[in-house]
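Chemist: just the structure for this:
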Amino acid sequence: MADGRWGFVGLGNMGAPMAASLAKAGHKPLVFDLRPEAMVALHPVGAQSAASLAELIDTCDVIATCLLYDHQVRQTFLGPGGIIERGRAGQVVLIHSTLLPATVMEIAQAAQAKGMGLIDAPVSGGGERTGPASLEGSLTVMVGADDWAWEKARPMLEIVGKHVVRVGKPGAGQIVKLGNNIMALCNQVVHMEAIRFVEAFGVTREALDQVAMLSSGASWAVANYGHFDRYGSEHTLAGTPEMPHRLGKDLRYAVSVAQEEWAYLPTVALCSQLLPGLFEQRWAEYKKKLADQ
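Modeler: Below is the predicted model:
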């Protein structure tokens, strides 16, 4: 039976520190991941493992999910024995992944038909960071939700997020997240090409960035240059072809969504193709530099 307990599904690089924030706040969340070791790692801070997704759904009133890809979220929510099929009226479920907005709307409609609340709540990490622990309670959360679901899940959101911004109904969170990442990731491409330009003339990146931060070239990409280098060395997918491909995912989603509305994004489309290769080259150079030290 539901007892107001919170649950968390998906304990990867983003999900684990979010669940840890809930546990450290004293809420003893019930957690589930396909990797048993990911659940066990959170026991010292107060989280408890669910034996199955079904147990978590049956036990918790508010369930947050943080999964990697669109198809994983779709299976977890809409598949046989998933959250929607097994869920109940009054239950609130949160999606912290970045997805195609159409997927969120499909899940939201299925949830509404059962009297459940769906909160569209993608997240963004902030600034220079040294590991997952520094994400705890520091995220920006973009929330699309109906009023009653928002009020029920708001205490959870305000623990995992430093900035929790309600931007509209379900689906709006994904749109704002993609819009934000258009700027963040396209700026990465421009910054890396600017570095390539100055280095061709024997000038260092550090010199370029020092001037940029004092002038019109300033951006989050310049101020937080090392942020994405750690993706290439510390992320669970580091060293695999999937990692740079994954970083371009949001740009590909944005182009696809925009075309459905007859809004064309040629710069974003180009950046989505350039970004993986630029990161592969950058990370190879970064690893070589570390090895030479």
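
Chemist: helices along the protein, start to end?
Modeler: 15-24, 36-40, 53-59, 70-78, 83-86, 101-113, 147-160, 172-200, 205-212, 220-223, 227-234, 242-247, 249-260, 266-292 (DSSP state H).

Chemist: quick one: the first one to helix 147-160, angle?
Modeler: Spelled out, that is helix 15-24. If you take axes from the mean of the first three to the mean of the last three C-alpha atoms, to 10 degrees, helix 15-24 sits at 90 degrees to helix 147-160.

Chemist: residues of helix 15-24 that come out buried?
Modeler: Residues 15, 16, 17, 18, 19, 20, 21, 22, 23 are the ones in helix 15-24 that count as buried (16 or more other C-beta atoms under 10 Å). For every residue, glycine as well, the C-beta is placed using N, CA and C.

Chemist: just put these in TSV and tack on pLDDT and distance to residue 260.
Modeler: Shown next, in TSV, are the buried residues of helix 15-24 (pLDDT from 0 to 100; distance: C-beta to C-beta, whole Å):
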residue	pLDDT	distance to residue 260
15	93	29
16	93	34
17	92	34
18	94	30
19	95	34
20	94	37
21	94	35
22	95	35
23	95	40
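
Chemist: how far away is residue 254 from residue 138?
Modeler: In this view, residue 254 and residue 138 are 25 Å apart by C-beta to C-beta, to the nearest Å.

Chemist: of the two, who's got more company?
Modeler: residue 254 (25 against 17; other C-beta atoms under 10 Å).

Chemist: how about low-confidence regions in the stretch 101-250 of the chain?
Modeler: 126-137 (pLDDT under 70).

Chemist: run the last query once more with 80
Modeler: Counting by pLDDT under 80, the stretch 101-250 of the chain shows low-confidence ranges at 125-137, 230-239.

Chemist: tell me which of the helices of the chain lies nearest to residue 5.
Modeler: helix 53-59 (5.9 Å; C-beta to C-beta).

Chemist: tell me what the closest one is packed against?
Modeler: Helix 53-59 is packed against strand 5-9, strand 30-32, helix 83-86, with contacts defined by 3 or more C-beta pairs under 8 Å, 6 or more residues apart in numbering; DSSP states H and E.

Chemist: could you give me the buried positions within the last one?
Modeler: Neighbour-count burial for helix 83-86, with 16+ other C-beta under 10 Å as criterion, is recorded at 83, 84.

Chemist: also stretch 196-207?
Modeler: Residues of stretch 196-207 classed as buried: residue 205 (neighbour count, 16+ other C-beta under 10 Å).

Chemist: next one: it to chain centre, how far?
Modeler: 32 Å (C-alpha atoms, centre = their mean, to the nearest Å).

Chemist: do stretch 91-101 as well
Modeler: For stretch 91-101, the distance to the chain centre is 10 Å (C-alpha atoms, centre = their mean).

Chemist: how about stretch 230-239?
Modeler: Worked out by C-alpha atoms, centre = their mean, stretch 230-239 lies 15 Å from the chain centre.

Chemist: got it, and stretch 247-254?
Modeler: 12 Å.

Chemist: got it, and stretch 25-44?
Modeler: 19 Å.

Chemist: contacts for that stretch?
Modeler: With contacts defined as C-beta atoms under 8 Å, 6 or more residues apart in numbering, stretch 25-44 is touched by 5-12, 15-16, 19-20, 22-23, 46-50, 52-53, 55-56, 59-60, 156, 159.

Chemist: out of the helices and strands packed on helix 53-59, flag the one nearest residue 103.
Modeler: Closest among those, using C-beta to C-beta: helix 83-86, at 12.6 Å.
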